[in-house]
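**Student:** fold the following, please.
(2 chains)
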Amino acid sequence: MQQKVALPSVDLLLELGVLLVRVTLRPFRVSDVDDFMLWAGDEQVTRTIRWKTITSKKEALTFIKEVCIPHLFCRSICIDDRSIGFVLVIRWSGGDRHKADIGYGVASKYWGQGIATKAVKMVISEVFKDFPDLLRLQAFTVVENIASQRVLEKAGFTREGLLRKYTFLKGQLKDSVIYSLSSTDSNGAVDDEV
Amino acid sequence: MEADGKQGQEGSPELSLRPLDLSDIDDFMVWATDDKVSRFCTWDTYTSKEAGIDYIKNIVIPHPWFKAICLDNKAIGAISVSANNGNDRCRGELGYALASKYWGKGIVTRAVKMVASTIFNEWPHLERLEALVDVENGGSQRVLEKVGFHREGVLRKFCILKGRCRDMVIYSLLSTDPQP
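**Tutor:** Below you'll find the model as predicted:
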């Protein structure tokens, strides 16, 4: 007797972490606007990043066209080619061009699945290859953002210290934790997931 | 703006901080031409008086906070606090240099204490005075520790100094920390 097998639901796949194999990075497109608004308009996501919370489709389009697309290194984190977040790398200039900062954000619906960690690992491989004079990739998190600190630790970053009253984020003075990955650290940290 | 000179034990010379100007050029050249002094600094040893004059005119005089460290009003070094904008306006970075003849007498420690005791009043928006020191510059690390700065960590491959990528120790003193 043959039994019909139901295909797993997206929710079940989410629970199994199977989504990780379908995480891809690509440049943003204007057509991402509706998906973009879902997470860039969510205060839970924008609270700990420098991006202003998006409040309209017009703002979203402007931001995608004027910030995301022209950026030297800004990628959409996608599942099945749909945008669920971003990761970007900002290079310093002049005498500091051996350094770059990494930042990221993921739709809250997808938190806790290792997606940001996966995206960061994918960026590490690409960015040290594309920028051979890059020696230091660094990241700042506010001290209370434990989840983001775990992303960096899982991705192989070294926690260097707590910088007291370091910066204003959304108008509040924050203690920041600084992390770094050096070009020599990253030689082992190649993303080996397909 | 001058910080009052502080007398140490009886007989020690009067230390003061005052603006550095073009009339200090010959004294400036004493430490600016010394490789021992420039070794851990971002600037290269000066080789001409013209370059020194340009530096005082274009960098020192317009600087938001740059003072000569003076013994009996003679400039023997310099100390400065840089300002930042926007989200980083709460931070200022401390830098200093002293003619090598005067090293080992606690002069920079006294100068840093003088800066720490006035800068937060002069700049009410300043929350954090920070300093970056090469991992090999033990003398400068000891100065900051004696003044009460907190050693927060080592930033790997943070600065390019004299063509080499250096690990730097980061220190901070907050406006709310006990006054030195």
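**Student:** beyond the helix ranked longest in chain A, next helix or strand please.
**Tutor:** As assigned by DSSP state H, the longest helix anywhere in chain A is helix A:115-130. Next helix or strand after helix A:115-130 toward the C-terminus (DSSP states H and E): strand A:136-142.
**Student:** where does the residue in chain B that chain A sits nearest to fall, secondary structure wise?
**Tutor:** Relative to chain A, the nearest point of chain B is B:G153 (2.3 Å; Cβ to the nearest Cβ). Quick note: C-beta positions are derived from backbone N, CA and C, even for glycine. Using DSSP H and E, B:G153 maps to strand B:150-161.
**Student:** which elements pack onto that strand?
**Tutor:** Applying 3 or more Cβ pairs under 8 Å, 6 or more residues apart in numbering or on different chains; DSSP states H and E, one finds that strand B:150-161 contacts strand A:136-142, strand A:158-169, strand A:172-182, strand B:128-134, helix B:138-147, strand B:164-174.
**Student:** buried set for the top helix by length along chain B?
**Tutor:** The longest helix of chain B (DSSP H) is helix B:107-122. Neighbour counts over helix B:107-122 (16 or more other Cβ atoms under 10 Å in any protein chain shown) mark B:I107, B:V108, B:T109, B:R110, B:A111, B:V112, B:K113, B:M114, B:V115, B:A116, B:I119, B:F120 as buried.
**Student:** list the contacts of that helix.
**Tutor:** Contact with helix B:107-122 is made by B:1, B:3, B:6, B:8, B:15, B:17, B:65, B:67, B:69, B:71, B:76-77, B:79, B:81, B:92, B:94, B:96, B:98, B:126, B:129, B:140, B:143-144, B:146-148, B:173, B:175, B:179-180, as judged by Cβ atoms under 8 Å, 6 or more residues apart in numbering or on different chains.
**Student:** what does chain A put close to chain B?
**Tutor:** Residues of chain A lying close to chain B by Cβ under 8 Å from any Cβ of the partner chain are A:50, A:95-96, A:98-99, A:135-136, A:138, A:158, A:160-169, A:173, A:178, A:180, A:182-183.
**Student:** rerun at 6 Å
**Tutor:** Counting by Cβ under 6 Å from any Cβ of the partner chain, the residues of chain A lying close to chain B are A:95, A:135-136, A:160-161, A:163-165, A:167-168, A:173, A:180, A:182.
**Student:** how distant is the strand holding B:G153 from the center of its chain?
**Tutor:** From the chain centre to the centre of strand B:150-161 is a distance of 17 Å (Cα atoms, centre = their mean, to the nearest Å).
**Student:** what of stretch B:81-94?
**Tutor:** 15 Å.
**Student:** again with stretch B:152-164
**Tutor:** What separates the centre of stretch B:152-164 from the centre of its chain is 18 Å, taken as Cα atoms, centre = their mean.
**Student:** return the residues in contact with the residue of chain A found nearest chain B.
**Tutor:** Proximity of chain A to chain B (Cβ to the nearest Cβ) peaks at A:G161, 2.3 Å away. Contact analysis of A:G161 by Cβ atoms under 6 Å, 6 or more residues apart in numbering or on different chains lists A:I178, B:E152, B:G153.
**Student:** before we move on, back to that, and the helices and strands packed on strand B:150-161: which comes nearest A:K65?
**Tutor:** Closest to A:K65 of those is strand A:158-169 (Cβ to Cβ; 25.2 Å).
**Student:** that closest one - what's its average pLDDT?
**Tutor:** When pLDDT is averaged over strand A:158-169, the result is 98.
**Student:** returning to what we had before: what's the closest of the contacts of A:G161 to B:I25?
**Tutor:** Minimum distance to B:I25 across the contacts of A:G161 is 36.9 Å, recorded for B:E152 (Cβ to Cβ).
**Student:** for the closest one, list the residues it contacts.
**Tutor:** If a contact means Cβ under 6 Å, 6+ apart, then B:E152 has A:G161, A:L163, B:I170, B:S172 as its contacts.
**Student:** find the residue closest to it in space, skipping its chain neighbours.
**Tutor:** Closest residue to B:E152 apart from its sequence neighbours, by Cβ to Cβ, 6 or more residues apart in numbering or on different chains: A:G161 at 4.1 Å.
**Student:** give me the secondary structure label for the residue nearest in space to the middle of chain A.
**Tutor:** Geometric centre of chain A, nearest residue: A:Y104, 2.6 Å, by Cα atoms, centre = their mean. Here A:Y104 is strand, with the state taken from DSSP: H, G, I helix; E, B strand; the rest coil.
**Student:** that one pairs with what?
**Tutor:** A:V87 (DSSP bridges).
**Student:** wait, it touches A:L88, no?
**Tutor:** No - using Cβ atoms under 6 Å, A:Y104 is not in contact with A:L88; the gap is 7.4 Å.
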